[in-house]
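S.K.: Got a predicted structure plus its sequence, pasted below:
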Amino acid sequence: MMKVLVASEDSRAAADIRGAVVTIGTFDGVHCGHRVLIDSAVNRAGEQNRKSVVITFEPHPRSVLPDSRQPELLTTYGEKLALFASRGVDSTLVVPFDRARSLQDPVDFITKTVHGLLRPEHVFVGYDFRFGRERSGDPALLTEQGEGLGFGVSTVGPVAIDGQVVKSTAVREALRTGRVHEAARALGRFYSLTGRVVAGAGRGRTLQARTANLGAVPAEKLVPGNGVYA
């Protein structure tokens, strides 16, 4: 069973996963591009008899940054953790993201959180990974710091499906416009919503198909464009 730890600078909870193989990101949607990163960490950890760890942020950083609007999420916090576990991740280290964290110097994040808590053997990040104040940290800085702190860094390039780079923003746009099969290819699964079934207008009977109308969907979740989906 995957362990879930919450990061704090004086935490001892991460002691048993030090020396792990790590990947870092927000990972909204846990799409096919994210899965390459996660699987790379899990596979290397298995080869070296180490633990695999995902470092992620909660809430989504865009919900905290002053120049960003509240994102429509592809996965809730619980859904994201379940998807990590399904890939064989041993532990997830959740970094609480607030205004203070958004102002943190990127080197400070590396030395206090990544290295300070985990002492990783290796870190996998995406080519577009940014972190720290004003998103000033990038894979090059992480690699440079890793050399001095004793861990390796691998930067994973973009993953493309049907000629389009897989990104959470593109998946959101596909869902908003009803292109659910395109979104499913990028996610590696069909997009799902969880909510309470409520009474609708009875249109399903006219279509001779069973339908369900969902209510009480989590407020932060993206709801696809209006339509009947089968």
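M.R.: Good, I have the coordinates. Residues are numbered from 1 along each chain as shown.
S.K.: Helices of the protein, residue ranges please.
M.R.: Counting by DSSP state H, the chain has helices at residues 32-47, 77-86, 99-102, 106-109, 116-118, 139-149, 168-176, 180-187, 203-206.
S.K.: Need the winner for burial among these.
M.R.: With neighbours defined as mean count of other C-beta atoms under 10 Å, the helices of the chain peak in mean count at helix 116-118, which reaches a mean of 22. Every C-beta, even on glycine, is put in place using the N, C-alpha and C of the backbone.
S.K.: For that one, what is the distance to the chain centroid?
M.R.: Per C-alpha atoms, centre = their mean, to the nearest Å, the displacement of helix 116-118 from the mean C-alpha position of its chain is 20 Å.
S.K.: Could you give the average pLDDT over it?
M.R.: The average pLDDT within helix 116-118 is 94.
S.K.: And the residue most central in space within the chain, how far from Val217?
M.R.: With distances taken as C-alpha atoms, centre = their mean, Phe27 lies nearest the centre of the chain, 1.3 Å away. For Phe27, the distance to Val217 equals 21 Å [C-beta to C-beta, to the nearest Å].
S.K.: And for Phe129?
M.R.: 30 Å.
S.K.: Show me which of the two is the more surrounded one.
M.R.: Taking neighbours as other C-beta atoms under 10 Å, Phe129 and Val217 compare with Phe129 leading, 20 against 13.
S.K.: which residues does the nearest residue to that one once chain neighbours are set aside contact?
M.R.: Spatial nearest neighbour of Phe129, chain neighbours left out: Pro139 (5.8 Å); criterion: C-beta to C-beta, 6 or more residues apart in numbering. The neighbourhood of Pro139, defined by C-beta atoms under 8 Å, 6 or more residues apart in numbering, consists of 125-127, 129, 153, 155.
S.K.: Which strand residues bridge Gly152?
M.R.: According to DSSP bridges, the residues that bridge with Gly152 are His122.
S.K.: start the count at 49, not 1, going forward
M.R.: Will do, 49 is the new start, and the previous item becomes Gly200.
S.K.: Go ahead and confirm it touches Val173.
M.R.: No: Gly200 is not in contact with Val173 according to C-beta atoms under 8 Å; the separation is 11.5 Å.
S.K.: quick one: which of these two has more around it?
M.R.: Neighbour totals were compared for Gly200 and Val173, and Val173 leads with 22 against 14 (other C-beta under 10 Å).
S.K.: how does this structure divide up, domain by domain?
M.R.: By the assignment in automatic domain parsing, the chain contains the domains 51-206, 209-263.
S.K.: distance of Ser184 from Leu241?
M.R.: Counting by C-beta to C-beta - Ser184 and Leu241 are separated by 36 Å.
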